[in-house]
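Student: Could you work out the structure for the sequence below:
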Amino acid sequence: MNKFNTPRGDGAQSMRALSPSNVRLSYGGRSNGADWFGPLAPMPPVAPPEVAGRSWDFPTGFNLSTQPRANEPIASATLRELADSYDPLRLVIDRRKDQLGRLPWTIRVKHEGRGKRPAAAALAPALRAMLRDISEFFREPAYKISFRQFVRILAEDHFIIDAPACFCRRSCSGELLRLQPVDGALIKRNIDTWGNTPEPFPATWPCIWNGQTVTQENYRSLGFELVNGWLFPPAYSLTLKGGMPAVNYTVRDLIYRPANLTSHSPYGRSPVEHVVTTVNTAVRRAASQLDYFREGNQPEAIYSLPATWTPDQVQRFQDYWDSILSGNLGARRRMKFMAGDGRYVPIKEPPLKSDFDEWLVRIICVAFSYPPNAFMNLSNKSTAEHHERVAEEEGLQTTKLFFSDLLNDIITEEFSDEVEFAWVEEDEIDQVKQAEILTKYAESGILTINQARERIGEEADLDPAASRLMVKTATGYVPIGEAATDSQSTDTN
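Tutor: I've put the predicted structure just below:
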């Protein structure tokens, strides 16, 4: 480095020139890019480790609430009022209940695989007796309530408030005697520390549950039930008289099964709750149409009275007019007179049914997967059949699966895991069409005869030829390899 002159004097040393890439500015200590408007380290958690696994951010003291659906936007009573206020909605709900109630059902042995289900005569006597006892139980689940009535009661709460519930009436030994339907709107759910339905746990005295100490002396007063060394916490509360906590239920006492649960609430979302705005609009529309007939005074035509009439005479005539027309449909169909220049003025009534009414009904039908054929004019028969087929697949099948799962859970918990509840499918397969298809497959070498037999639930034939792919010729069935050889020899000749 050499010395050179500067404004501050001589003696400064010359330095090597630097490019911008060699210059680095820093306003703090040595760091990396994450410190420049970076995300920074997360805040240290303030909750204890036991909070891990909490499923949703429930309000503090959730179990202290005495009202079912206390934190839900719409109460069960409101949903029921809406369902009863709009006629098309009520009709669709009852039709869905009719469809479910008319279905035949059976109790059968569980069967895995594609073979034929074993016949009842081939079952062990003890298993046949079990099937008979379970069938008798479900023919009348509650006293003087048949299975169809039982399903319709549960379906009512399933469709409107999504809270079907049954009380398990048991014997002194704990055996299930009856399944008594309960109003699901009266059931308040309790949750554990993680926001879920309380699970049973081994009884090791004393126990700590939701911050309270459970001992062998006080567990009954706290709503617990002791069964075979396991403690069942109070999972539900029956509220009566406007929100009074009357009885606590465990999962052994009450079957509460919402179908459409969400991750942020312990209560379900019913189809009626999905169409609250639509039903509100439709109810007001129907009220307006009702007022047209009940309070309206618009006649078929107006004939103006002479212009010489005084306002007092016109008012007296107006009062007379209203008195004879209000609520009198027959009188409103006649021509009336009023003050004027003697002109005839026909009155055109507003349309009482429009595309808007059909649109409201369509939304209701979509919510319940019900065909809208009965409420509107469809273009052709194929369109109507398409609506019915889609409604069958999306609506009734889903409801059937829900109730079969519910009843199978009851059978597994209370009776046996070897049998199951099943709906009897009516005309599920066209037998003639199935026979034609399987015959063509077997004759064309696509399926073996045993594969075709398996499709219809028959046992396999022991003849080895039945397990080989064959083609039907004029002389009979020929294995595929031999058929190709015969064809080649024929061409050579």
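
Student: which residues touch stretch 49-67?
Tutor: 71, 188, 190-191, 193-196, 210, 237, 239, 243-245, 263-265 (Cβ atoms under 8 Å, 6 or more residues apart in numbering). C-beta here means a position set from N, CA and C on the backbone, and glycine is covered the same way.

Student: let's see it at 6 Å
Tutor: Under the criterion Cβ atoms under 6 Å, 6 or more residues apart in numbering, residues 190-191, 194-196, 243, 245, 264 lie in contact with stretch 49-67.

Student: what's the answer for stretch 194-208, then?
Tutor: With Cβ under 6 Å, 6+ apart, stretch 194-208 has contacts from 53-56, 58, 192, 213-216, 226, 229-233, 235.

Student: Which of the contacts of stretch 49-67 fall within strands?
Tutor: Counting by DSSP state E, the contacts of stretch 49-67 place Pro245 in strands.

Student: re earlier: narrow the contacts of stretch 194-208 to those that are buried.
Tutor: With burial judged by 16 or more other Cβ atoms under 10 Å, the buried subset of the contacts of stretch 194-208 is 58, 192, 214, 231-233, 235.

Student: out of the residues you listed, who's nearest Trp105?
Tutor: Ala235 (28.5 Å; Cβ to Cβ).

Student: Run through the residues that contact Tyr267.
Tutor: Tyr267 neighbours (Cβ under 6 Å, 6+ apart): 69, 72.

Student: so how far is Phe58 from it?
Tutor: 12 Å (Cβ to Cβ, to the nearest Å).

Student: May I have the residues that are in contact with Leu127?
Tutor: Neighbours of Leu127 in contact, by Cβ under 6 Å, 6+ apart: none.

Student: Tell me the pLDDT of it.
Tutor: At Leu127, the pLDDT value in this model is 92.

Student: Okay, now the unreliable bits of the stretch 101-250 of the chain?
Tutor: 113-116 (pLDDT under 70).

Student: just the stretch 251-400 of the chain next, same as before
Tutor: In the stretch 251-400 of the chain, residues with pLDDT under 70: 296-303, 305, 325-350, 378-394.

Student: What segments of it are helices?
Tutor: 271-274, 276-294, 311-325, 329-332, 355-367, 381-391, 397-414 (DSSP state H, counting those that start in this stretch).

Student: any idea of the angle the second one forms with helix 355-367?
Tutor: Think helix 276-294. 140 degrees (axes from the mean of the first three to the mean of the last three Cα atoms, to 10 degrees).

Student: Go ahead and name everything in contact with helix 276-294.
Tutor: By Cβ under 6 Å, 6+ apart, helix 276-294 touches 82, 85-86, 89, 327, 352, 360, 363.

Student: farthest-separated two in those residues?
Tutor: Between all members of these, the farthest pair (by Cβ to Cβ) comes out as Gly327 and Ile363, at 32.3 Å.

Student: Run the chain-centre distance for stretch 170-189.
Tutor: How far stretch 170-189 lies from its chain's middle: 23 Å, per Cα atoms, centre = their mean, to the nearest Å.

Student: Stretch 189-207 now?
Tutor: Using Cα atoms, centre = their mean, the offset of stretch 189-207 from its chain centre is 28 Å.

Student: same question, stretch 45-57
Tutor: 30 Å.

Student: Mind checking which of Gly327 and Ile363 has more residues around it?
Tutor: Ile363 (16 against 12; other Cβ atoms under 10 Å).

Student: Let me see the contact set for the more buried one.
Tutor: 275, 278.

Student: How about Asn260?
Tutor: Asn260 sits in contact with 162, 268-269, where contact means Cβ under 6 Å, 6+ apart.

Student: So which of those residues is the closest to Gln397?
Tutor: Nearest member of the contacts of Asn260 to Gln397, counting by Cβ to Cβ, is Asp162, at 18.2 Å.

Student: Can you give me the neighbour number for the closest one?
Tutor: 22.

Student: Phe159 now?
Tutor: Quick note: Phe159 (other Cβ under 10 Å) scores 24 neighbours.

Student: One more: the one 10 residues further on?
Tutor: Taking other Cβ under 10 Å as the criterion, the count of residues near Arg169 is 13.

Student: Which strand or helix spans it?
Tutor: Here Arg169 sits within strand 165-170, counting by DSSP states H and E.

Student: Give the pairing partners of that strand; include direction for each.
Tutor: Sheet pairing here is set by DSSP bridges, and for strand 165-170 it gives strand 176-182 (antiparallel), strand 254-256 (antiparallel).

Student: quick one: it to helix 397-414, angle?
Tutor: 20 degrees.

Student: Run through who's touching strand 165-170.
Tutor: Residues contacting strand 165-170 (Cβ under 6 Å, 6+ apart): 176-182, 184, 187, 253-256.

Student: just how off-centre is the helix or strand hosting Leu91 within its chain?
Tutor: Taking DSSP H and E as the criterion, Leu91 maps to helix 87-101. Relative to the chain's own centre, helix 87-101 is displaced by 15 Å; criterion: Cα atoms, centre = their mean.

Student: Identify the residues contacting it?
Tutor: Contacts of helix 87-101 (Cβ under 6 Å, 6+ apart): 83, 148, 151-152, 155, 159, 279, 361, 364, 368, 370, 396, 399.

Student: Out of the residues you listed, the closest to Ile437 would be?
Tutor: Leu396 (26.0 Å).

Student: The closest one and Tyr370, how far apart?
Tutor: Taken as Cβ to Cβ, the span from Leu396 to Tyr370 is 9 Å.

Student: Of the two, which one has the most company?
Tutor: Tyr370 (26 against 17).
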